[in-house]
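1. Quick one, what's the 3D model for this:
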Amino acid sequence: MSKYFLLPIIVITCLVAPSAQFGTTAVWDDSVNPMETAGRDDDDYCEDTYEYDQAGCNADSLCEWDDDDYECDEADDSDSSDSSDSDSSDSSDSSSSGGSNQNGGSGGSNNGGGTQPVDTDGDGTADDADDDDDDDGVNDLYDAFPLDSSEHLDSDDDGIGDNADPDDDNDGVNDNDDAFPLDSREQSNHDGDNMGDNADPDDDNDGVDDYYDAFPLDVQEQFDNDGDGTGDNADPDDDNDGVIDNNDAFPFDASEQYDNDGDGIGDNADLDDDNDGINDDEDSDTEEVEIVLDNDNDGTPDDQDTDDDNDGVPDDQDLYPFDASESSNFDGDAVGDNADNDDDNDGFNDSIDLFQFDATEWSDNDLDGIGDNSDPDDDNDGILDSNDAFPFDSSFSQDFDRDGLDDEIDSDDDNDGVNDNFDPFPLNSNEWLDTDMDGIGDNADPDDDNDGFIDILDKFPKYAGFNTDQIPAVSNDKSSDSDSIFVGGTAIILLFATSLALSVIFGVKKLIEIKDSQQEPLEKTDQPMQVNSDLEEDMIQ
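-> Numbering: from 1, shown residues only. Predicted structure coming up:
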């Protein structure tokens, strides 16, 4: 019966064995895209993955580097199509070699035949999986040089990293001389207002737009009426007609200098200079006619009128005697004070300047009439600014630890970590404890408990006399009963000796005081030291 039982097993083994031995013959399918079988269904996989990584691209068998376009493309499919023909014609060979792979052979294995993954920064993570291939701290997605740890930005896209590029914005101005090294539209900032001169409508920040400013980089000048290269503020003859402005009725009109009849029309253009009703070309007596000027038309000739423009300011005090809208010019900038927004030219607009005619002052914190620059106590709290930690705040004045908190609200004035409520020395950061309350902090006190023994020799420097709480615990061993009695006796002896020593010390001190009061010389003696020495020997015994 056993023979018939083994027969089906033998038949099945014979049928299965050939396929198990040789495997299935591999056939190339042209319809299969190797990129898809590799899990890469994106047509731009190679280009996106190895955008700047030539080494990684060449290491990938499905990609190849294009030097002309400087990019990573898919590998040419022609080789695979040729190989499919050879594979189909040599199916027997491939089947035999391919089958050996299932049994650990090398027919279809990549062991030793493929290229090792590239790891540029040597951090153990292949570049394909590494977010920062050069380990420079910048993610490869934002790194213009993902394989160069010394570079990560290229502002002008010229192929040279910003660290090595002498002109990062490629505007022709070296970064060392460029106020905006990363902005190719700007190179300089004359007035230092954070806006480049190309975009700044007022490069010298003088209040006049560059379009109208004859001197856009000179804050002292804005106009040049006669175009002689000298600004009107500095030019004594703005219209360059040979008559200085102080004597010129029309300082900005080169065709006119005088207005004899004061009618606002220059004599050169006025048909009746003396305003007598007869045109100059018909007036035979123009030389004899007395020309009377009356600028304000008040009936008083100018040569007799003490206020020619009738502005209430006498001509001898009026810098603009023929201009009723102006009379003074404090800063001498050719703009009258009424029209000038900064009369003292201190950089502060008159609207916010409490001292419009004092270039050295512009604010008065305590409103006492004395400018802050000259006021020794700006907050008027009675404490000089030189000693006031808060010179502009009358509510506060002291800040011992300079932490920005006034001592009145600061819980730790000396910033030693101990609250002032528990700190005997709240203004001394070196001291916070005074065990014997003698006014000397424990850090500086050589005898913290004031028991007559300096701390370095005192086993209990924080406790006067002997501290019984510090006596070592007595052993529970019955054999130590005698030791307990001995320790207790020793404590009593030490207490007695300490009391005796203190009595002797205070007695000697009293004798010295009595002798001093009697003004008798006291000979040097080592008696107190001898007493302490004897006491120490007794304590040891």
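
2. what's near enough to touch the closest residue to residue 298 other than its chain neighbours?
-> Using C-beta to C-beta, 6 or more residues apart in numbering and skipping the chain neighbours, the partner closest in space to residue 298 is residue 310 (5.8 Å). Where you see a C-beta, it was placed from the backbone N, CA and C, and this is true even at glycine. By C-beta atoms under 8 Å, 6 or more residues apart in numbering, the residues touching residue 310 are 296, 298, 324.

3. got the contact list for the nearest residue to residue 320 once chain neighbours are set aside?
-> Using C-beta to C-beta, 6+ apart and skipping residues adjacent in sequence, the residue nearest residue 320 is residue 326, 4.0 Å away. Contact analysis of residue 326 by C-beta under 8 Å, 6+ apart lists 319-320, 336-339.

4. For PyMOL, what selects the buried ones among those?
-> In PyMOL syntax, the buried subset of the contacts of residue 326 is picked out as below (16 or more other C-beta atoms under 10 Å):
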select buried, resi 319+320+336+337
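
5. can you put the contacts of residue 326 in CSV and add secondary structure and distance to residue 251?
-> Formatted as CSV, those follow (DSSP: H, G, I helix; E, B strand; the rest coil; distance: C-beta to C-beta, whole Å):
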residue, secondary structure, distance to residue 251
319, coil, 13
320, coil, 11
336, coil, 14
337, coil, 18
338, coil, 18
339, coil, 16
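
6. Take the contacts of residue 326 and write them to CSV, including pLDDT and distance to residue 205.
-> Formatted as CSV, the contacts of residue 326 follow (pLDDT from 0 to 100; distance: C-beta to C-beta, whole Å):
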residue, pLDDT, distance to residue 205
319, 86, 27
320, 91, 27
336, 88, 22
337, 86, 21
338, 89, 23
339, 89, 19
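
7. from the contacts of residue 326, which is closest to residue 137?
-> Nearest to residue 137, judged by C-beta to C-beta, of the contacts of residue 326 is residue 339 at 58.3 Å.

8. Excluding chain neighbours, what is closest to the closest one?
-> Sequence neighbours aside, residue 326 is the residue nearest to residue 339 in space, at 6.9 Å (criterion: C-beta to C-beta, 6+ apart).

9. Which pLDDT value goes with that neighbour?
-> Model confidence at residue 326, given as pLDDT, is 89.

10. Against residue 238, how distant is it?
-> Distance, residue 326 to residue 238, by C-beta to C-beta, to the nearest Å: 16 Å.

11. do residue 342 as well
-> For residue 342, the distance to residue 238 (C-beta to C-beta) stands at 22 Å.

12. Which of the two has more residues huddled nearby?
-> residue 238 (24 against 21; other C-beta atoms under 10 Å).

13. any idea how far that one is from residue 210?
-> For residue 238, the distance to residue 210 - C-beta to C-beta - is 21 Å.

14. Let's check: the centremost residue of the protein is which one?
-> Nearest residue to the geometric centre of the chain (C-alpha atoms, centre = their mean): residue 194, 15.5 Å.

15. that's a helix at that residue, yeah?
-> No: counting by DSSP: H, G, I helix; E, B strand; the rest coil, one finds residue 194 to be coil, located in no helix.

16. mind listing what residue 375 touches?
-> Residues near residue 375 by C-beta under 8 Å, 6+ apart: 364-366, 368, 385.

17. Over to residue 268?
-> By C-beta under 8 Å, 6+ apart, the contact set of residue 268 is 255-257.

18. So which of these is the closest to residue 182?
-> residue 255 (52.7 Å).

19. Per-residue pLDDT of residue 59, please?
-> On the pLDDT scale, residue 59 is placed at 81.

20. oh, and call the first residue 8 from now on, that's how I've got it
-> Fine by me, first position is 8 from now on; the one you just mentioned is residue 66.

21. number of nearby residues for it?
-> 18.

22. isn't it right up against residue 126?
-> No: contact criterion C-beta atoms under 8 Å: residue 66 and residue 126 do not qualify, at 10.6 Å.

23. quick one: common contacting residues for those two?
-> Residues touching both residue 66 and residue 126 by C-beta under 8 Å, 6+ apart: none at all.

24. my guess is residue 338 contacts residue 366, does it?
-> Yes: with contact defined as C-beta under 8 Å, residue 338 reaches residue 366; the gap is 7.4 Å.

25. Please enumerate the shared neighbours of the two.
-> Both residue 338 and residue 366 are contacted by 351-352, under the criterion C-beta under 8 Å, 6+ apart.

26. so where is the stretch 408-548 of the chain shaky, pLDDT-wise?
-> Within the stretch 408-548 of the chain, the stretches with pLDDT under 70 are 473-503, 522-548.

27. Helix, strand, or coil at residue 350?
-> Under three-state DSSP, residue 350 falls in the coil class.

28. what residues are up against it?
-> Listed by C-beta under 8 Å, 6+ apart, the contact partners of residue 350 are 337-338, 344, 357, 363-364.

29. Buried by neighbour count, from these: which ones?
-> For the contacts of residue 350, a burial check counting by 16+ other C-beta under 10 Å picks out 337, 344, 357, 363.

30. ok, the second one - contacts?
-> In this case it means residue 344. Counted by C-beta under 8 Å, 6+ apart, residue 344 has contacts 333-337, 350.

31. Please tell me how far it sits from residue 327.
-> Distance of residue 344 to residue 327, given as C-beta to C-beta: 10 Å.

32. What are the boundaries of the helices in the stretch 58-207 of the chain?
-> Secondary structure of the stretch 58-207 of the chain (DSSP state H, counting those that start in this stretch): helices at 61-66, 85-96, 98-106.

33. got the end-to-end distance for stretch 245-265?
-> End-to-end distance for stretch 245-265: 15 Å, by C-alpha to C-alpha, to the nearest Å.

34. now swap in stretch 459-472 and tell me
-> Start-to-end span of stretch 459-472 (C-alpha to C-alpha) is 9 Å.

35. residues of that stretch that come out buried?
-> Within stretch 459-472, the residues scored as buried using 16+ other C-beta under 10 Å are 459-460, 462, 465, 467-468, 470-471.

36. For residue 384, grab the count of nearby residues.
-> Applying other C-beta under 10 Å, we find 20 residues neighbouring residue 384.

37. give me every residue that touches it.
-> Taking C-beta under 8 Å, 6+ apart as the criterion, residue 384 is in contact with 373, 390-392, 395, 398.

38. can we see that at 6 Å?
-> residue 391 (C-beta atoms under 6 Å, 6 or more residues apart in numbering).

39. Check the gap between it and residue 426 for me.
-> 32 Å.

40. Same question for residue 202.
-> 51 Å.

41. Kindly report the same for residue 170.
-> 52 Å.

42. Could you do residue 321 as well?
-> Residue 321 is 71 Å from residue 426, by C-beta to C-beta.

43. Filter the contacts of residue 382 down to the buried ones.
-> Counted by 16+ other C-beta under 10 Å, the contacts of residue 382 give 371-372, 392 as buried.

44. among these, which are in strands?
-> Among the buried ones among the contacts of residue 382, no member falls in strands (DSSP state E).
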